[in-house]
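Visitor: sequence plus the predicted model coming up.
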Amino acid sequence: MFSRHPAARELRRRRREHGAAVAPDHGRMVDALCRWGLSQPWVVEWPATEAHVVCRFVVDCPVLDCREPWFTVSSVSENLDEGPEVLVAVPAPIAHRGAAVGWAVSVARLDEDRMVVAMAMPTTSAELSALKQLLEIAYTDAFRRTAGED
């Protein structure tokens, strides 16, 4: 799982060293991210089927015959100090770049051109904005995939 990956631990260590002395409010960030996700057009929240899943979203647009996974917020129960993680379906080149740079960990391959990556929950508004930009890319990619299948 992402919380055990060396890149994730290093990112969290750097945050502790250079961040504020106050622990981040993960609950507030999770709520903000989940509210934002649900506010997007053609997004549906799917029920959590596992205890560690906080929220799970899919792009579901019947008009365009599009139903694709988008992102999931998962709690990290082994070490609550590390906080939740975000799993997002992204184009493979973005997943590879994120893993190479260290902001993401590859989790699974969905198909030949899309992967699921995991990353730490944002702790600042700037990090939340960056995550939203990544999620917008993933959202757009869900529609591109449907249009390309005609």
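Guide: Yep, it's here.

Visitor: longest helix of the protein?
Guide: With DSSP state H applied, the helix covering the greatest number of residues in the chain is identified as helix 125-147.

Visitor: count the neighbours of P47 for me.
Guide: Around P47 there are 7 other residues, counting by other CB atoms under 10 Å. C-beta: built from backbone N, CA, C; applies to glycine.

Visitor: any idea how far apart the tips of stretch 40-50 sit?
Guide: 24 Å (CA to CA, to the nearest Å).

Visitor: model confidence over that stretch, on average?
Guide: This predicted structure assigns stretch 40-50 an average pLDDT of 90.

Visitor: my guess is M29 contacts L128, does it?
Guide: Yes: counting by CB atoms under 8 Å, M29 sits close enough to L128 to count as a contact (6.3 Å).

Visitor: so between the two, which is more surrounded?
Guide: Shown here are M29 and L128; by other CB under 10 Å, M29 has more neighbours (22 against 16).

Visitor: next SSE downstream of the host helix or strand of the more buried one?
Guide: When secondary structure is defined by DSSP states H and E, M29 falls within helix 26-38. Once helix 26-38 ends, the next helix or strand along the chain (criterion: DSSP H and E) is strand 43-46.
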